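1. Below: sequence and its predicted model.
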Number of protein chains: 2
Amino acid sequence: MSATAPHAPSKLELLELLAAIGTAQWRDFAAAAGRYGLTSTQAKVLAQLEGPVPMRGLATLLACDASNVTGIVDRLEARGLVRREPSAADRRVKNVVATDEGRETIRRVREEMQATHGALDILDAAESATLYALLERLRPTMERTA
Amino acid sequence: MSATAPHAPSKLELLELLAAIGTAQWRDFAAAAGRYGLTSTQAKVLAQLEGPVPMRGLATLLACDASNVTGIVDRLEARGLVRREPSAADRRVKNVVATDEGRETIRRVREEMQATHGALDILDAAESATLYALLERLRPTMERTA
DNA sequence: GCAGATGTTTGATGTCATCAAGTACTTGGA
DNA sequence: TCCAAGTACTTGATGACATCAAACATCTGC
């Protein structure tokens, strides 16, 4: 192997590296959320709320049982980070909306993921673009099959 | 933007893509573990056991309280996937070792992460090597800062 | 307009996570 | 030597997360 040729990784090596990166990023996220008194699950929910999302939609996004979402949203609502709004179109549905405080909180959590920010700063523009393009290609299969 | 030039991603876009991939991989892992009646935490512990690891070491690897590990290992041990062995060097320490059945189980779990395997199959050897090299560079900062 | 499907909540139960306290052992000096 | 301080593990209390089953309101299609 020459000094400049990249290491040719086995699939298993690549899988483990991907897992390690994923784990580290999750820890970074959980730690940042913790500084605002949020569990990682609560922060994850907050991160989904660009717009109004029905309870059922949250359960699908989180890949968990709908009854689970009730308690999580209860706790977020009790802290004023989230609001339940009845849907105009379907009276069974309750849409969950982030409050201003909720939006601000999740913005800060993302901002404070220093391990992740620091790591991404290592790459130059071309490398970032390459990484982005490669991950973009993995994404559809990862998300569809799972 | 030309048709062949890769999209130049903002840091936030890259961060979100990385999070999406990480989430999908975790779901894939949890689903595979579930098929063997394991929670994702139990599977994660099993995945750490290449050799003997003291309880305390597991707590460090999982970034959780040591008292938490007691219960997780209790349940794995009750199912015969893991064994506690007293350390010869330090009688306070109990080393956790995967049994043959435990090793076989985690091997199958990894094998059955079809979303991840399927996604990685999309890349050719050169692309895999590029991705590996890029992630390798991110890794130290991600893990050290977190 | 009724039967079946869907959205949400409640209640029971099990796992994961923390902290505080207790026991057993090791270690570094006085 | 022997004791104080530290470390490894467990137990018990408590809260968050996860599932399932069941109840209830509402929607949909026939």
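-> It's in.

2. what does stretch A:10-25 contact?
-> Taking C-beta atoms under 8 Å, 6 or more residues apart in numbering or on different chains as the criterion, the residues outside stretch A:10-25 that touch it are A:9, A:113, A:115-116, B:18-19, B:21-22, B:25-26, B:29, B:110, B:113, B:116-117, B:120-121, B:128, B:131-132, B:135-136, B:138-139, B:142-143, B:146. No exception for glycine: its C-beta is placed from N, CA and C like everyone else's.

3. Output the longest helix belonging to chain A.
-> Under DSSP state H, the helix in chain A containing the largest number of residues is helix A:11-34.

4. tilt between it and helix B:11-34?
-> With axes from the mean of the first three to the mean of the last three C-alpha atoms, to 10 degrees as the criterion, the two stretches helix A:11-34 and helix B:11-34 enclose an angle of 110 degrees.

5. From A:Q42, how far off is A:H117?
-> Here the distance between A:H117 and A:Q42 works out to 22 Å (C-beta to C-beta, to the nearest Å).

6. Which one's more surrounded, the two?
-> Neighbour totals were compared for A:H117 and A:Q42, and A:Q42 leads with 21 against 17 (other C-beta atoms under 10 Å in any protein chain shown).

7. Nearest spatial neighbour of that one, chain-adjacent residues omitted?
-> Distances taken as C-beta to C-beta, 6 or more residues apart in numbering or on different chains put A:L76 closest to A:Q42, at 5.8 Å, once the chain neighbours are dropped.

8. from the middle of its chain, how far away would the host helix or strand of the one you found be?
-> Take DSSP states H and E as the rule and A:L76 turns out to sit in helix A:66-78. Averaging C-alpha coordinates over helix A:66-78 and over its chain gives two centres that are 18 Å apart (C-alpha atoms, centre = their mean, to the nearest Å).

9. Same question for stretch A:92-110.
-> Relative to the mean C-alpha coordinate of its chain, stretch A:92-110 is positioned 14 Å out (C-alpha atoms, centre = their mean).

10. Where does A:D90 sit: helix, strand or coil?
-> Classification of A:D90 by DSSP: H, G, I helix; E, B strand; the rest coil places it in coil.

11. Next, count neighbours for it.
-> The burial count assigned to A:D90 is 10, neighbours taken as other C-beta under 10 Å.

12. near DNA strand D, which residues of chain A show up?
-> By C-beta under 7 Å from any atom of the strand, the residues of chain A that approach DNA strand D are A:39, A:41-42, A:62-65, A:67-68, A:71-72, A:75, A:90-92.
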